[in-house]
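Participant: take a look and give me a structure for this.
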Amino acid sequence: MGTEGNEGKGGTSAPRTLAEALRARGDEGLAVLLRARPDLLVPVPGDLTQLATRAGTRASVVRALERLDRFSLQTAEALAVAPDPAPYPVLLALMAGDEGDPAIEAALPGAVALLRDQALVWGDDERLRLVRTARELLAPSPQHPSPTGLGPTVAEATSGMSPTRIQEILAAVGLPTTHDPVSAVAALTELFTDRERMAALLDDAPTEALGVLDRLVWGPPYGEVTPNPAPPVRWLRDRGLLLPATARTVVLPREAALHLRGGRAHRVPEPVPPVVAPARSVATAEGRPQVVDSAAAGQAYTALATVEELLREWHEGGPPVLRSGGLAVRDLKRTAAALDVPEPVAAFWVELAYAAGLVAPDGEADERYAPTPAYDEWLDLPTAERWARLVAAWLPASRTPGLVGGQDTKGRTLSALGPDLDRGAAPEVRRRVLTLLAGLPAGASPDPDTLLARLRWERPLRGSAAAAGTDLRARLATWALAEAELLGITGRGALSSPGRALLTPAQAYEDAPAPGTGTPHATPAAGPATTAGATAASSPAGTARTTGAAPAAGAAPAGGPAAGADPRGPGADGGISVAEAAEGAARAAALLAPLLPDPVDHVLLQADLTAVAPGPLRRPLAETLSVLADVESKGGATVYRFTPASVRRALDAGQTAADLHAFLAAHSRTPVPQPLAYLIDDVARRHGHLRVGAASAYVRCDDDAVLGEILADKRSASLRLRRLAPTVLAAQADPAALLEGLRAMGFAPAAESAEGDVLVTRAHARRTPPRTPPAPVPDGPPVPDATLLNAAVRAIRAGDQAAAVVRKEESSGQGGGDLPRTSAAETLATVQAAAMTGSAVWIGYVNADGAASQRVIAPVRVEGGFVTAYDHTADEVRTYPLHRITGVAEVADDQL
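Facilitator: Model (predicted):
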């Protein structure tokens, strides 16, 4: 790519349109524009005129404005209330005021360069122009007040006023009358912009009148008046300091408001981004990074255990899928109770498992959620790799669990795993939050208020979101902090070492503090995003930034990036891609693995029928123990409790009493307590004493007294039992219901087959067919890579060159306009001649879809009804059917 040139300088005239300004750019400048505004690439513009037209459309301009930082947006707002075009000194005066501001003077060149790079501003420093659509969006109007709080100019406010009234205002302020309204308005405007004469006029104003101006000066500039206003208001109205907007509304003219503000367009300009401060001092916290890593590793292991427990709950088939999609509120409550977490946290784990492809609807008629085959593969991975799989799914995910329980625009409740949970900004906010955490000293947790203030500076609210106060990015950032803590990416609020490894080096250290300080560096990163611009080093707006991002040394005020550098760093406008997330998660897993505790192969049995696992258990031991005992408490050590029901569960799974005694003896570091041995033997002795089969269902027992006891028990009434023989009872309930009923009565029945053998009941693993994890929903078009950018720039350049080509007929004054049609014989003869001489021709072409276009081609070969040629418009070799070429003409000799 070529280097960027100055717009309107270097021996060329000033650009008259945005298209001419883009045409004066080098290839790198176009690449910067297309990277910053990827929507301009869909589809690739045919030439620079199309690119300029698309860059000025309302949808594209609104998107570009919404992605500006606060100071760049304030610069655009100032240009919207400045004369069009505005010299750079006028813009500087609007931003810094009459007294000036060194921080603004240092940051403004970078902001102007950023707006130029994104084609929101064009022209040289003597004639800065905001694109028309941006001016319409940002300029003050009664329906859409300006963020500056300024009102219309004197010329705009007096456009409908009678000439006599304008002359009366001139006389009231001591100016001579004129012969026409235009000169009268110009004289009044000159008065309001003259600091000395304006100060003298206000010196004579009543105190109450000055109070009225104070209330209007910072906006809104409109005020209501009565038909008979008070004397202070009348004094201001007579002198044009308040001009009528409607019959009952007056407005403070822009020029007068700027005088009262000291020339400043904004009340609080913010040239420097807020610094993210640590939540507490870490200077004396020796060893804190190690504490953070240990806490993060413990939470990472807890995250894995929680996901496993969730899918174990849904092992035989989870809750049903709602008709509208998602999880019912009662099922979410039941899941939260099973995991022993609040419902919002349960929603996060469910959504995380879904994003990782571990759970999905099974697709059956009675659709339910169930683990996927990927869950079994995930279980076989090493611990650190399982954690990496979860993190790699979380980082780029656009589904937002924090929205669960809220309502959509139609008032419907948003459910976990349901639709309408995607928010395209979520991945970018997560990445940005982690990047800002990486900029803090190691082991420091952020102050949430300063973190949110920084994010609001990077993406200020505009439009309806600002009016409603709904800051989605702030909510996403808050959720990202909480979710990162749950996953073990942060520990005690600070970014852990594995968490830093999730980011690329440029992301992790772009805001890293300088050695011995808490002040972030302004480290520009290499790449297309930081190597192009649109200003010359000799111009005031180009001194701090001549390449679009690389700032001049010393241009950064303390506490923030240098003027002109994007404070969010390279790639700030996009989230982490799936590939980048997987790569970062692999790096993080390598750092996490040594921090995770090693699985243990033993437990400590206690006399109170409990077992303590002193750490994470190996998988076979954990699976067997989860059947034999119930989890009573979790934490650093898990406590299991043995109960008659849990022992019976193990016996139902095919274990014998001898198997259970051997298992406990082999895996306990303490002797098996006598109460536990008695419990196992007692349950085993009674297990299978009653046998249940299918008649509809029957119960048989060698001890007829036991059957008599069952018949006498009132709780058996629902089973509708009757005695068929001394040792056999028949029931009108199915075998499963009969088993549950007898167990509820305190018996330990066993199911048997038609042959009389005991049936071993094992958990039936229910799995969905193979499922693909949900794809993230992007927040607009993705940022193009270098290959696509280079190809797009070449295509646009080629199309622009082809559009400027002149046919010989046009250059000689013969014909012109659309390409004339030619016969098939003329077309064939012309392209054959061009192929022989190596010259270029202009063709009209209709593709298979019926779309017509004009192209400049250099034919190489003509045969079989096709012409193979180098297409200057597409910048590649193509083959065209001759019957689709509508006409052909030679190109002027000096054009290619």
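Participant: correct me if wrong: Val359 contacts Ala353.
Facilitator: Yes - here Val359 reaches Ala353: they are 4.5 Å apart, a contact under C-beta atoms under 8 Å. C-beta coordinates here come from the backbone N, C-alpha and C atoms, glycine included.
Participant: tell me what the helix or strand harbouring Ala869 is packed against?
Facilitator: Assessed by DSSP states H and E, Ala869 sits inside strand 866-871. Counting contacts by 3 or more C-beta pairs under 8 Å, 6 or more residues apart in numbering; DSSP states H and E, strand 866-871 packs against helix 824-837, strand 852-863, strand 876-881.
Participant: strand partners (parallel or antiparallel) of it?
Facilitator: strand 852-863 (antiparallel), strand 876-881 (antiparallel) (DSSP bridges).
Participant: so which bits of it are buried?
Facilitator: Neighbour counts over strand 866-871 (16 or more other C-beta atoms under 10 Å) mark 867, 869, 871 as buried.
Participant: how about stretch 211-227?
Facilitator: For stretch 211-227, by 16+ other C-beta under 10 Å, it's 212-213, 216-223, 225.
Participant: strands - which of these land there?
Facilitator: 222-223 (DSSP state E).
Participant: which of the strands paired with strand 866-871 sits most buried?
Facilitator: Mean neighbour count (mean count of other C-beta atoms under 10 Å) peaks for strand 852-863 among the strands paired with strand 866-871, with a mean of 17.
Participant: what angle do it and helix 824-837 make?
Facilitator: If you take axes from the mean of the first three to the mean of the last three C-alpha atoms, to 10 degrees, strand 852-863 sits at 60 degrees to helix 824-837.
Participant: who touches strand 852-863?
Facilitator: 801-802, 805, 819, 828, 831-832, 834-835, 838-847, 867-874, 877-878, 880, 882, 886, 891, 896 (C-beta atoms under 8 Å, 6 or more residues apart in numbering).
Participant: output stretch 376-392 as PDB, restricted to C-alpha atoms.
Facilitator: The C-alpha coordinates for stretch 376-392 follow below in PDB (Å, rounded to 0.1, in the frame of the first residue of the first chain):
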ATOM      1  CA  ASP A 376     -18.500 -37.100  27.200                       C
ATOM      2  CA  GLU A 377     -15.500 -36.000  25.200                       C
ATOM      3  CA  TRP A 378     -15.200 -32.900  27.500                       C
ATOM      4  CA  LEU A 379     -15.100 -35.200  30.600                       C
ATOM      5  CA  ASP A 380     -12.200 -37.100  29.200                       C
ATOM      6  CA  LEU A 381     -10.000 -34.000  28.800                       C
ATOM      7  CA  PRO A 382      -7.400 -32.900  31.400                       C
ATOM      8  CA  THR A 383      -8.800 -30.500  34.000                       C
ATOM      9  CA  ALA A 384      -7.000 -27.400  32.600                       C
ATOM     10  CA  GLU A 385      -8.200 -28.200  29.100                       C
ATOM     11  CA  ARG A 386     -11.800 -28.600  30.300                       C
ATOM     12  CA  TRP A 387     -11.600 -25.100  31.800                       C
ATOM     13  CA  ALA A 388     -10.100 -23.700  28.600                       C
ATOM     14  CA  ARG A 389     -13.000 -25.100  26.600                       C
ATOM     15  CA  LEU A 390     -15.500 -23.200  28.900                       C
ATOM     16  CA  VAL A 391     -13.500 -20.000  28.700                       C
ATOM     17  CA  ALA A 392     -13.100 -20.200  24.900                       C
END
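Participant: list the contacts of that stretch.
Facilitator: Contacts for stretch 376-392 (C-beta under 8 Å, 6+ apart): 300-301, 303-304, 307-308, 352, 356, 358, 487-489, 502, 578, 581-582, 584-586, 588-590, 592-593, 596, 599, 616, 619, 767.
Participant: before we move on, what about stretch 593-604?
Facilitator: By C-beta under 8 Å, 6+ apart, stretch 593-604 touches 293-294, 296-297, 300-301, 382-384, 498, 611-619, 621, 625, 640, 667-670.
Participant: just want the most central residue of this structure.
Facilitator: With distances taken as C-alpha atoms, centre = their mean, Ala425 lies nearest the centre of the chain, 1.9 Å away.
Participant: state the distance from that residue to Val777.
Facilitator: 10 Å (C-beta to C-beta, to the nearest Å).
Participant: buried only: go through the contacts of stretch 376-392 for me.
Facilitator: 300-301, 303-304, 307-308, 352, 356, 358, 487-489, 502, 578, 581-582, 584-586, 588-589, 592-593, 596, 616, 767.
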